[in-house]
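1. sequence and predicted structure, then a few things I'm wondering about:
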Amino acid sequence: MRKKVTKAIFPVAGMGTRFLPATKSVPKEIMTLVDRPLVQYAIDEARAAGIKEFIFVTSRGKGALEDYFDHAPFLEQQLRKSGKLDLLEALKATNMESGAIAYIRQHRALGLGHAVWCARRLIGNEPFAVMLPDDVIAAETPCLEQMIDAYQETGGNMVAAMEVPADKASSYGILDVDEDMGSVVSVKGMVEKPEAGKAPSNLAVIGRYILSPSVLSNLNKMKSGAGGEIQLTDAIAQDIGTENTVYGYRFRGQRFDCGSKAGFLQATVAFALARDDLRDDLLRYLQEMVQLDKAAQ
């Protein structure tokens, strides 16, 4: 019987410079996608997958992120008084019980691997998930839940994977596939941001991981990799061929890169169109804009 995955690390220490000036005072993770902060989508996905302990790796200036998950007694009282019970219900998803959430500071920006390593004492000797809130995935069954189901069969380490165009491969960690079994692939190598034309496949790692504690032992060696940062990909790759070998999982769903402005806008449109209360007005507006653009041409 495999240990259940009940802990998840959320690396949120980045400055969000691609969204300046907004992120001068607002952490990127609480910028709203329709009416929910980015981080709420990741939390909801984690909860659906059975995660019970939430570990945020933060940095200076992220106080608003911590406040977001705190209870707001005065606001709740006012909503209750006003009879706005639907809004009160919506707030429940933002509350974290005492002890369920922890915050760890990453004092130096040394990469994703270093951010995960910062949380090592709270993980101990258990398998754990890592979720990057920038990657928002629309799926009927949440991505992490899909992965945990597959992990129960495979064990080891598992990374979410998706096909990317060859000319985009240098922006990702890329899997060197040993055996392709459909949704799951076994991995014989991983390359972080390969040079153009040198990627071993077009199967890219995106921001969902289920990892063995052995990855934390690998990170203890603290060797810098691509870009002079401590790469999580390198630490995972060290487990290939061991009892905690590595698998890629082709998830079912659509991934949006909300770390980019274009991806954030695309996600906003897609999630709004999926809402009964927003779809008709937004669709009408988009159709009008397309007609105006065609007329201008």
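-> Arrived safely.

2. helices along the stretch 51-200 of the chain, start to end?
-> 63-68, 73-81, 85-92, 112-118, 120-123, 143-154 (DSSP state H, counting those that start in this stretch).

3. most packed of those?
-> helix 112-118 (a mean of 24; mean count of other C-beta atoms under 10 Å). Every C-beta, even on glycine, is put in place using the N, C-alpha and C of the backbone.

4. and for that helix, what's in contact with it?
-> Outside helix 112-118, the residues that touch it by C-beta atoms under 8 Å, 6 or more residues apart in numbering are 9, 11, 13, 57, 104-106, 108, 130, 132, 211, 215-216, 219-220, 222, 225, 229-235.

5. among these, which lie within helices?
-> If you go by DSSP state H, the contacts of helix 112-118 have 215-216, 219, 232-235 in helices.

6. related to what we said a few turns ago, which of the contacts of helix 112-118 count as buried?
-> The neighbour count (16 or more other C-beta atoms under 10 Å) marks 9, 11, 13, 57, 104, 106, 130, 132, 211, 215-216, 219, 225, 229-235 as buried among the contacts of helix 112-118.

7. closest to residue 35 out of the helices of the stretch 51-200 of the chain?
-> helix 85-92 (8.5 Å; C-beta to C-beta).

8. hmm, who's touching the closest one?
-> So helix 85-92 is contacted by 72, 75-76, 79-80 (C-beta under 8 Å, 6+ apart).

9. from the residues you listed, which is closest to residue 244?
-> residue 72 (41.9 Å).

10. tell me the spacing between that closest one and residue 83.
-> Residue 72 sits at a distance of 18 Å from residue 83 (criterion: C-beta to C-beta, to the nearest Å).

11. ok, those two, which is more surrounded?
-> Neighbour comparison, residue 72 and residue 83: the larger count goes to residue 72, with 14 against 9 (by other C-beta atoms under 10 Å).

12. now that one, nearest residue through space, not along the chain?
-> residue 91 (7.2 Å; C-beta to C-beta, 6 or more residues apart in numbering).

13. same check, this time on residue 102
-> residue 55 (5.1 Å).
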